[in-house]
Structures are given as C-alpha cells and as structure tokens.
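S.K.: what shape does this take:
(4 chains)
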There are 2 protein chains.
Amino acid sequence: MIELKAEQLEIIQKMSVFQVRAGMPPTEARILSLLLVSDRTELTFDEIRETLNTSKSAVSTALNTLVLRNKVESITIPGDRKRYFKHQLKNWNANAKDGLEKLLSVNQLLKEILAVRTSETEDFNQDLKNVIAFIDFMQVELVQVFDKWNKQQQIENK
Amino acid sequence: MIELKAEQLEIIQKMSVFQVRAGMPPTEARILSLLLVSDRTELTFDEIRETLNTSKSAVSTALNTLVLRNKVESITIPGDRKRYFKHQLKNWNANAKDGLEKLLSVNQLLKEILAVRTSETEDFNQDLKNVIAFIDFMQVELVQVFDKWNKQQQIENK
DNA sequence: AAATTAGTTCTTTTAATTCAGAACCAAAAG
DNA sequence: CTTTTGGTTCTGAATTAAAAGAACTAATTT
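M.R.: Sure thing, here's the model as predicted:
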C-alpha cells in the first residue's frame, strides 16, 4: 500500500476526472494518474489495488487494456514473480499522434458524403468542401509539426 | 418524412458509428449524420423524428444539446411556427480548435504533477518534462496552423 | 505435494445512459 | 375560447458499462 500525501491524492482525483471526461474508464484513469504521482514509478499489481482500493478483477482488466494501448508498460524483474507497472510517458507523443489521426480520419466519411450529396445545395456543399479542405490541411500540417518536434529532439540529444 | 436512398442510409449508419465511438450519444450522432446527407439541409423537428423513427423526447433533448454545443443551428422562418434545424458546418473549424485546446489543457495538470514529484526519480521526471515541453510546443504550433488556415481563407475569399 | 502467491476469467450486481410514452405547456389557428 | 400545432419535461423501462466477487490457474514456496 502506497502512502500518498493529500496533494498527491488531490491530483489523482483531478487528473482522473479529466481523463474520464475525455472518455477513459474510471479505473484506468485512476491507475494512470497514480502512476504519474507516486514517488515510486514502478508499482506492483497489489500496490495499485490496495492504494486505489479496487477489486483485483477491475485492476487486472484495466491494466491489461492500458498495456495493450501502450499507456503502461509491464516490467518483470528477474527473480521476482511480481510484475511491475510503469507509466509509458515516452509513448505520449506517439499516442497523441495516433489519437489525432483517428480524429482526422472522419474526413474519409465526409468525402463520401460530398460525393453522394445533391448538387442543388451549393452553399452547403461549399461549406462541406471547406471542412474537408480544412481537415486535409490539418493532416499535412500536423505531420510537419510532429516532424519538427522530432528533429528538434534529435538535435538536443546529441 | 424524408426519403433516403440506400447510399444515404448507409452513410448515416457509418457516420453515426464513428461519432458514437468518439463519445457522442446515438441519437445526437444520427441527427447530425442525417443533416449531413439529406438533400434538404434544413429539416423540421418532425421530419427528423419520423425519418430516424425516434421518440419526440429523444429528438428534443438531442437537438437542444446539439444547438447548445454549436453543432446545429435552429432557424425560424417568419410566418412558420416550426423551427428548422441545420448542421453548423461553418463552426467545424472553431469546434475543432476548442476540442484540441481542451485536450492540450492537460498540461496544467502535468505541471502540477511535476511540481509535486519527488526529485529522486530523475529519469521519470525528465520524461515528464519532455511531455510537458511537447504539449507546450504543440500549443504554440497549433495556434500558428489555425492562423495560417484563416489567412489562407481570407485570401481565397477576396 | 500442500499451501501460498500473483494474477486471470467468468458470473453477478450495481450504477449510469439512453430512450420511449404520457402528461404537459405556450403560441397560433379556427 | 376551444382546438391544434410544435414542441418540452417528467417519469419509468431497457440497455449498457463498470466494478465486485468468487472460482480458477499456473507458478513458487514450504
């Protein structure tokens, strides 16, 4: 059982609310938040369960999907049967990119809609074309922004 | 009751699934999708209800939240008691910006976390600093991307 | 090999969303 | 002023999602 200061508990609370609003299931959100604030960065299954006061089954399924989604990594230490779980901060960047690309993929559907629309509604169709152009534009620009960041990082790490 | 071709129905279906996955309630998603594909772009409450074969209450609450969220606009024609509902394509851009900014606002919390973290975990803290720097970077870049788009639009519309 | 550990998987319970149906209300028409 | 139209609001009811609990499994100690 991990001892947490009031501050840390508060942040877990706020951070979880934020992530739940963004569509993440509560237990997953609380695990991720715990892994961000706890003094030890690698926690065992049982430490997580005890600290969050949650059932084994809930922790097990949440951890498994978090690992699957590359949000958490599971580490095994030789000679220690327990697995340790750690926040995959390093993947934040890539996860963000994936998330954004999923959002932008709506453009495929919008293009289908445009193809099917009556030509009678000129103004509306023009607005739709604009949205499509905007999303296409964002797609290109975002790739560039990510590239720029990666290059900048390579230089700094030299 | 709006007549829809098989194609249109199919797209409503696909588009709704997409939006529901992104967290939108089914009725809202189907209304938005209908307003995107239907030949007439301004539909009455009852046309929507009949076409989607849904209850008045569901349509009423869904439309009201869609209007509140600036996804749909409600138009009144003088001498006609009905309200007409239209997809707010024009706001797509602004809604996207708001959505992204909300996502990036997680950085506030990450900074709080960094402030509270033990200094023992150097590597982890460095990774966290990196994420924060990345989000700060994205914030600046995205503003520029939006500006670039807006300028480009102004030029085209001259 | 018995018992414990570290978790998984299946079933049930609980809680939250979503929708429908009916009652209701305000504006307009007859 | 009564009726109709165009919705809204207020219960439930049904569905869905999340969590708990218990039974299970595969290693590991003892």
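S.K.: in the record's domain split, what are the boundaries for chain A?
M.R.: Per automatic domain parsing, the domain ranges recorded for chain A read A:6-87, A:91-156.
S.K.: packed most tightly, which of those domains would that be?
M.R.: Among the domains of chain A, ranked by average contacts under mean count of other C-beta atoms under 10 Å in any protein chain shown, first place goes to domain A:6-87 (a mean of 17). Just so you know, the C-beta spots here come from the backbone N, C-alpha and C atoms, and that holds for glycine as well.
S.K.: need the distance between the two termini of it.
M.R.: Start and end residues of domain A:6-87 are separated by 21 Å (C-alpha to C-alpha, to the nearest Å).
S.K.: wait, A:N125 sits on A:S119?
M.R.: Yes: assessed by C-beta atoms under 8 Å, A:N125 is found in contact with A:S119 at 7.1 Å.
S.K.: out of the domains of chain A, which is closest to B:L103?
M.R.: For the domains of chain A, the distance to B:L103 is smallest for domain A:6-87, at 7.2 Å, taking C-beta to C-beta.
S.K.: circling back: ok, which of the domains of chain A comes nearest B:Q144?
M.R.: Comparing these by C-beta to C-beta, domain A:91-156 comes nearest, at 8.8 Å.
S.K.: any idea of the mean pLDDT in that closest one?
M.R.: Throughout domain A:91-156, pLDDT has a mean value of 97.
S.K.: ok, it near chain B or not?
M.R.: Yes: using C-beta under 8 Å from any C-beta of the partner chain, domain A:91-156 reaches chain B at A:92-93, A:96, A:103, A:106, A:109-110, A:112-113, A:116-118, A:120-121, A:124, A:127-128, A:130-131, A:134, A:137-138, A:141-142, A:145, A:148-149, A:152-153.
S.K.: how far out from the middle of the chain is that domain?
M.R.: What separates the centre of domain A:91-156 from the centre of its chain is 19 Å, taken as C-alpha atoms, centre = their mean, to the nearest Å.
S.K.: ends of it, how far apart?
M.R.: Using C-alpha to C-alpha, the end-to-end distance of domain A:91-156 comes to 18 Å.
S.K.: quick one: the top helix by length along chain A to helix B:122-156, angle?
M.R.: When chain A is parsed with DSSP state H, its longest helix is helix A:122-156. Orientation check (axes from the mean of the first three to the mean of the last three C-alpha atoms, to 10 degrees): helix A:122-156 against helix B:122-156 gives 140 degrees.
S.K.: which strands and helices lie in contact with helix A:122-156?
M.R.: With contacts taken as 3 or more C-beta pairs under 8 Å, 6 or more residues apart in numbering or on different chains; DSSP states H and E, helix A:122-156 sits against helix A:92-104, helix A:106-116, helix B:92-104, helix B:122-156.
S.K.: please list which of the residues of domain A:91-156 next to chain B also come close to DNA strand C.
M.R.: Among the residues of domain A:91-156 next to chain B, none lies close to DNA strand C by the criterion of C-beta under 7 Å from any atom of the strand.
S.K.: list the contacts of the residue sitting nearest the centre point of chain A.
M.R.: What sits nearest the mean C-alpha location of chain A, by C-alpha atoms, centre = their mean, is A:N95, with 5.5 Å. Neighbouring residues of A:N95 by C-beta atoms under 8 Å, 6 or more residues apart in numbering or on different chains: A:R69, A:N70, A:K71.
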